[in-house]
Structure formats: C-alpha cells, structure tokens
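[1] Dropping the sequence and predicted coords here.
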Amino acid sequence: AGFDVRISPGLAPEAMAALLDRWCAEAGGGCAWRHAEWVTPLTAHHLVSRDSRNPWWRLFVEAVETHGPVSPEVFPAGTDSCFVRRAGVPAIGFSPLRRTPVLLHDHDEFVARGVLLAGVRVYE
C-alpha cells in the first residue's frame, strides 16, 4: 500500500520516521516502510518565521490586512512555496480566496465570482 504522508512543521522528520518504525514493529513481522523512489525525503522543515521582527512577514501582513484579517495556517499543497523554501529562499504561500471551501482538484471545484474578484483586488 502507498500513503502520501505530510507532517506538521512541529514534528521533526526523524520523529515521524521513528513513529513509522514503531508502528511497523507493533504490527509484527513483514511490515516495513520506505520512501517512494521519486520522493526526496524531507530532512528538515524550511519555515518562514511569523514573528513581527521578520520584515518579510511583517510587510506581507501589513499589505494583506488592508483587505481583511490574516489567518495563518499550514497548507501543504496549495502553492509551490514549499519548493522555493527548500531551495533556501524564504517564501510565504498565500491564497486570497476567503470563506471558500478547500476543494483543490476535488469534484465540483469552484470559486465564487465575488470571492475571485475580491482576491484579485488584494494583488492590485
């Protein structure tokens, strides 16, 4: 079986590996895990500090708050910012689509017209 596992930034990659090892041991013989051949295993999280002393974060919040409150959350698959951060470049993933169900690539994915137009104004 294959599993797409995404771990919280609060959990070290080594801790996740240890957890998987423990689960396999508890399951008995014949149970093992490995990274898929096409995956580069995560060895460290590449986070951007949300501290107000971080000028990138502070300026981002100041710009976006003029359009509404900023609600930071972990969203692992919404933007390519994770790849940019992995290359050592600080990056903040962002979506201006407020009060919208998260239906990325799901059945009947949609964005309401008003939400889309409000999101465009954030970038203006």
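    Cool, got the structure.
[2] Quick check: pLDDT value at the residue lying farthest from the centre of the chain.
    Going by Cα atoms, centre = their mean, the residue of the chain most distant from its centre is G29, 34.2 Å out. pLDDT recorded at G29 is 82.
[3] Secondary structure class of it, three-state.
    coil (DSSP: H, G, I helix; E, B strand; the rest coil).
[4] and if you look at F83?
    Counting by three-state DSSP, the backbone at F83 sits in helix.
[5] show me what contacts it?
    Residues near F83 by Cβ atoms under 8 Å, 6 or more residues apart in numbering: none. All C-beta spots, glycine's among them, are computed from the backbone N, C-alpha and C.
[6] separation between it and T66?
    Distance, F83 to T66, by Cβ to Cβ, to the nearest Å: 29 Å.
[7] try H35
    With Cβ to Cβ as the criterion, H35 and T66 are 43 Å apart.
[8] And these two? Which one has more around it.
    A direct count of neighbours by other Cβ atoms under 10 Å for H35 and T66 places H35 higher, at 11 against 8.
[9] which non-adjacent residue is nearest that one?
    P41 (4.9 Å; Cβ to Cβ, 6 or more residues apart in numbering).
[10] how much space between that neighbour and V5?
    Remark: distance between P41 and V5 (Cβ to Cβ) = 11 Å.
[11] end to end, how far does stretch 73-92 reach?
    11 Å (Cα to Cα, to the nearest Å).
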